[in-house]
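> Provided below are the primary sequence and the corresponding predicted coordinates.
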Amino acid sequence: MLAGLSWRFNRLRLMSISELAFRARRALQSEMQSRGIGLVIRPPAPDLRRFGAPWISEWPTRDQNLEAVLAAADAVLAGRFNVFAMPAARLGFPPQWNRDPRTGVEAPLSFGVTLNYRDDTLVGDIKYLWEPARHLQLVTLAQAWRLSGEARYLAGCRILLESWWEQCPYPLGAHWSSALELAIRLVNWAAAWQLLNGGESPLFEGPNGRLFQRRWLDSVYQHCHFIALHLSRYSSANNHLLGELMGLFIGSLTWPCWSAQVKWMTQAREEFERQALTQNAPDGVNREQAVYYQHEVVDMMLQCALVGRANHIEFSAPFWERLERMLEFIAGIMDCNGHVPMIGDADDAVIVRLDPSKEFDPYKSLLATGAVLFGRSDFKEKAGRFDAKSRWLLGEQGALRFDALEKPAASLSFRRAFPEGGYYILGDAFGTEREIRLVADVAPLGYLSIAAHGHADALAFTLALGGKEMLIDPGTFAYHSQSKWRDYFRGTSAHNTLRVDGENQSVIGGNFMWLRHAKATCEVWEPGADQERLVGSHDGYMRLRDPVRHRREIVLDKRCNVLRIMDMLECRGRHIIELYWHCHEEGTVTIVDGTVEVRRAGTSLALVMKDSRFTPRLARGEESEPLGWVSRGFDQKTETGTIIWTGEIAGNVTLCTEITVNPVLA
C-alpha cells in the first residue's frame with residue numbers, strides 16, 4: 001500500500017494543472033462508466049458490405065520459415081504459448097485468459113478501467129497476463145491455415161476468439177484496463193481477419209458462422225469505442241498514445257462498417273502522424289531514448305502506412321522522410337554482425353508476429369522492409385536477406401524489388417552524429433572484420449516529464465570490435481515487478497559510466513518515473529581520419545550537497561587502436577567515485593597488477609587506469625546489491641563480468657582510463 005501511495009504522490013508532483021484537470025475528468029468518466037453510463041450496451045448493426053482491403057493484394061504462396069509457422073501454430077493448439085521467460089507456458093486450449101501463467105494468480109473480473117493492475121497480489125505479473133491476450137498467436141494460426149489449408153488451424157482461430165469473449169466480457173477485467181493492450185489486440189485481429197479472407201472467410205459460413213462474425217464485429221466496435229475514450233494524454237503521451245492511435249486507425253480501416261469509424265479514422269490518422277513527427281526527432285532518434293522502442297515505433301508507422309496506402313489513405317512526405325531517418329539510426333548503431341546496443345528499456349514486444357522463428361531479428365527485418373520501400377541498397381546490405389516478416393508485409397513483388405537492389409559501390413557509410421537524439425558513433429574500418437564501433441550516449445534521460453523508458457546512462461558507451469560486442473549495455477530485465485532489479489538495470493551502476501557517492505545520475509520516482517533528470521550536453525564532436533574526439537557533460541550530480549559536474553572526453557586514436565577516456569570531475573569536497581565497465585557474457589576477464597584484460601572470440605581489450613587511488617575489482621552475478629548481470633530478454637538475466645574501479649577524490653580531478661583495442665588477434 002505504501003508503495004502505491006508513494007507512486008501516486010510522485011506522479012502528482014509531475015502533473016501540470018491542465019493534466020490534473022484532465023485526469024479528474026477521466027476519473028469521473030470512469031466512475032460513470034462503472035455504473036453503466038457511457039458504455040456500449042449494444043453495438044450498432046454493422047454494414048457487411050463495407051470491409052477494408054488487406055495491406056497487399058496477393059498473399060505469399062510460401063514462407064521460408066514454414067516449419068516454424070506450423071510448429072508455432074501446433075504449439076498454440078496444444079495449449080503452449082510463448083510468453084517471455086516461459087517459451088512453452090501452459091495456458092491450455094482454450095486458454096485460461098485471466099490466469100497469470102507465471103504466478104498462477106487469477107485476476108478478478110471487476111470493472112477494468114479502475115482495476116489496479118500494478119498490484120501483483122491482485123493480478124499477478126501483469127505483463128504475463130497481457131501478453132497472450134494481445135493475440136499474436138491468432139495471426140500465427142491464420143498464417144498456418146493460409147499456407148497449409150488445414151481446417152484445424154481455422155477451427156483454432158474460432159476457439160481462441162470465442163474463449164476470449166467468454167472469459168473477458170466487455171468491459172470487465174485486466175484485459176479491459178489498458179487502451180494500448182486493446183489497440184495491439186485489434187491490430188492482430190485485423191491482420192488475422194485479412195489472412196482468413198476477410199468478410200468472405202469460411203469462418204462466417206452458415207447461421208453459426210454469421211453469429212460468430214457478428215460477435216467479432218461487436219467486439220471490434222467495443223474496442224474502438226474504448227480506445228477513443230481512453231487515449232493516453234499529457235505525461236503518458238509516449239509510445240502508448242502512438243500504439244492506441246495505430247489500433248484505432250487500423251481498426252477503422254479494416255472494419256469501416258459503422259458511421260463512427262469515419263470520425264475515428266480521421267482523428268487517428270491526423271493525430272498519429274502528428275505524434276510520429278513529435279515523438280521522433282528530425283535526426284531519426286525516438287525521444288524515449290530506448291532502442292527497442294525505436295523498433296516498436298518504426299513498426300507502428302510501417303503498419304499504419306501500409307494499411308493506409310492499401311485503402312487509399314496516404315501519410316505525408318515528412319512522415320515517410322522521418323521513417324527513413326529512423327531506419328538510418330538503426331543502421332548507424334548496428335555493428336557489422338547486426339548487433340544493436342540495448343540502450344534504454346525493452347520488453348520484447350512485437351506489434352504483429354509474422355515470423356515466429358527463433359532466428360527472427362526485429363532490426364534487420366525493419367531494414368529489409370525499408371530497403372524496398374525507400375530503394376536503399378545500404379539497408380539491404382545491413383539486413384542481409386529479405387526475411388519472412390518482410391515477405392508477409394510486401395509480398396512476392398517486395399522480394400523481387402529487394403533482390404533487384406544492387407550492392408553499394410563503396411563501403412557502407414551511415415550518419416554517425418545524431419545531435420538531437422544525443423548519440424555519436426566513433427570508430428574505424430566500418431563493415432569489415434577490423435571494425436571498431438563505439439556508440440556514445442550524450443542523450444536526454446527520456447521523453448516528457450516521467451521519462452518512463454529512459455535509463456540513467458548519461459556519457460555511457462558501448463563498444464564492439466569486428467562485430468563482436470565487448471563493452472555492453474546490460475539491458476532491462478524487469479518492468480512492473482521485482483523493483484530491486486528494475487531499479488538496478490536502469491540505474492547508473494548498470495552502465496559504462498561513472499557514479500558519485502553511490503547515487504544514480506537521475507532520481508527514480510517509480511517503475512516508470514524519474515523525478516529529476518540529468519541533463520547531458522555534447523560539447524565537442526570531432527570525427528577524423530586518424531583521430532576522433534567526443535566531449536560531453538551532464539549535471540545529474542549538481543544536486544548533491546557538494547555539487548559535482550561530470551565531463552567525459554572520449555578520444556579514439558586510430559593509428560594505435562587506443563581509446564582514452566578522460567573523466568573530469570569538478571567539485572570542492574570529498575566523494576566516492578565508481579567507474580563501471582560491463583563486459584559481454586562470453587568474455588573472459590582477468591586482472592593482473594591493475595591491468596584488466598577482456599578476451600572474446602579472437603578480440604581483446606586491455607584497460608588501464610593509472611591513478612593509484614583507484615583499484616579494479618571484478619563482479620559477477622552479485623545479488624544483494626545487484627552487479628554483474630546482463631538481460632538479453634524480458635524477465636531473463638545471465639551472469640556477466642563487470643569491472644569496477646573505486647576510489648575517493650577531494651576536489652577537482654581528471655581520471656584517465658586507457659583502453660587498447662585489438663579487433664583481430666594474431
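The structure has been received and is ready for your questions. Residues are numbered from 1 along each chain as shown.

> residue 299 contacts residue 349, doesn't it?
No: in this structure, residue 299 sits apart from residue 349 without contact. The criterion is CB atoms under 8 Å, and the distance is 9.4 Å. Placement of C-beta: from N, CA and C, glycine included.

> in contact with the closest residue to residue 305 other than its chain neighbours, which residues?
Counting by CB to CB, 6 or more residues apart in numbering, residue 305 lies nearest to residue 315, which is 5.4 Å off, once chain neighbours are set aside. Contact partners of residue 315, counting by CB atoms under 8 Å, 6 or more residues apart in numbering, are 269, 273, 304, 305, 308.

> quick one: low-confidence ranges for the stretch 201-350 of the chain?
In the predicted model of the stretch 201-350 of the chain, no residue satisfies pLDDT under 70.

> run through the helices of it in chain order.
In the stretch 201-350 of the chain, the helices defined using DSSP state H, counting those that start in this stretch lie at 206-229, 239-254, 260-279, 291-310, 317-333.

> can you list the domains in the chain?
43-404, 417-662 (automatic domain parsing).

> how many neighbouring residues does residue 534 have?
Applying the criterion other CB atoms under 10 Å, we find 24 residues in the vicinity of residue 534.

> scratch that, residue 206 is what I was asking about
Other residues within reach of residue 206, judged by other CB under 10 Å, total 9.

> on the three-state scheme, residue 153 is what?
What DSSP: H, G, I helix; E, B strand; the rest coil gives for residue 153 is helix.

> show me the shaky parts of the chain.
When residues are selected by pLDDT under 70, those of the chain lie in 1-15, 19-38, 410-412, 665-666.

> measure residue 634 to residue 203 for me?
33 Å (CB to CB, to the nearest Å).

> quick one: residue 193 and residue 257 touch, right?
No: using CB under 8 Å, residue 193 makes no contact with residue 257, being 11.8 Å away.

> and these two? which has more neighbours close in?
Set residue 193 next to residue 257 and count neighbours by other CB under 10 Å: residue 193 wins out with 25 against 22.

> tell me the contacts of that one?
Residue 193 sits next to 201, 216, 254, 255 when contact means CB under 8 Å, 6+ apart.

> hmm, which of these are the buried ones?
Applying 16 or more other CB atoms under 10 Å to the contacts of residue 193, the neighbour count classes 201, 216, 254, 255 as buried.

> quick one: which of these is nearest residue 495?
Out of the buried ones among the contacts of residue 193, the one with the shortest distance to residue 495 is residue 254. That distance is 42.0 Å, counting by CB to CB.

> and the closest one, what does it touch?
Residue 254 makes contacts with 51, 52, 190, 193, 194, 307, as judged by CB under 8 Å, 6+ apart.

> now residue 519
Going by CB under 8 Å, 6+ apart, residue 519 touches 444, 538, 539, 540.

> which of the residues you listed sits closest to residue 500?
residue 540 (8.4 Å).

> distance-wise, check the closest one relative to residue 511.
Using CB to CB, one gets 20 Å for the distance from residue 540 to residue 511.

> of those two, which one has the most company?
Neighbours per residue (other CB under 10 Å) separate residue 540 from residue 511, with residue 540 holding more: 27 against 18.

> need the contact list for the more buried one.
Under the criterion of CB under 8 Å, 6+ apart, the neighbours of residue 540 are 456, 458, 504, 505, 506, 516, 518, 519, 550.

> for residue 381, state which of the contacts of residue 193 is nearest.
Taking CB to CB as the measure, residue 381 sits nearest to residue 254 out of those, at 34.8 Å.

> distance check, that closest one against residue 146.
For residue 254, the distance to residue 146 equals 17 Å [CB to CB].

> over to residue 510?
With distances defined as CB to CB, the gap from residue 510 to residue 146 amounts to 44 Å.

> what of residue 161?
When distance is defined by CB to CB, residue 161 is 17 Å away from residue 146.

> tell me who's in contact with residue 92.
Counting by CB under 8 Å, 6+ apart, residue 92 has contacts residue 79.

> re the thing from before, quick one: which of residue 634 and residue 203 has more around it?
In this view residue 634 and residue 203 are compared by other CB under 10 Å, and residue 634 has more residues nearby, 22 against 19.

> give the contact list for the residue lying closest to residue 488 once chain neighbours are set aside.
If the residues on either side of it in the chain are set aside, residue 488 comes closest to residue 626, at 4.0 Å by CB to CB, 6+ apart. If you count contacts by CB under 8 Å, 6+ apart, residue 626 has them with 484, 485, 488, 489, 494.

> by neighbours, which of these wins?
Neighbour counts for the contacts of residue 626 peak at residue 494, which has 30 neighbours (criterion: other CB under 10 Å).

> nearest residue to that residue other than its sequence neighbours?
With sequence-adjacent residues excluded and distances taken as CB to CB, 6+ apart, residue 494 is closest to residue 474, at 5.2 Å.

> that neighbour belongs to a strand?
No: according to three-state DSSP, residue 474 belongs to no strand; its state is coil.

> what is the burial count for it?
Around residue 474 there are 28 residues (other CB under 10 Å).

> same question, residue 515
Summarising burial for residue 515: neighbours were counted as other CB under 10 Å, giving 15.

> can you classify it by secondary structure?
Under the three-state scheme (three-state DSSP), the conformation of residue 515 reads as strand.

> measure it to residue 546 for me?
In this view, residue 515 and residue 546 are 21 Å apart by CB to CB.
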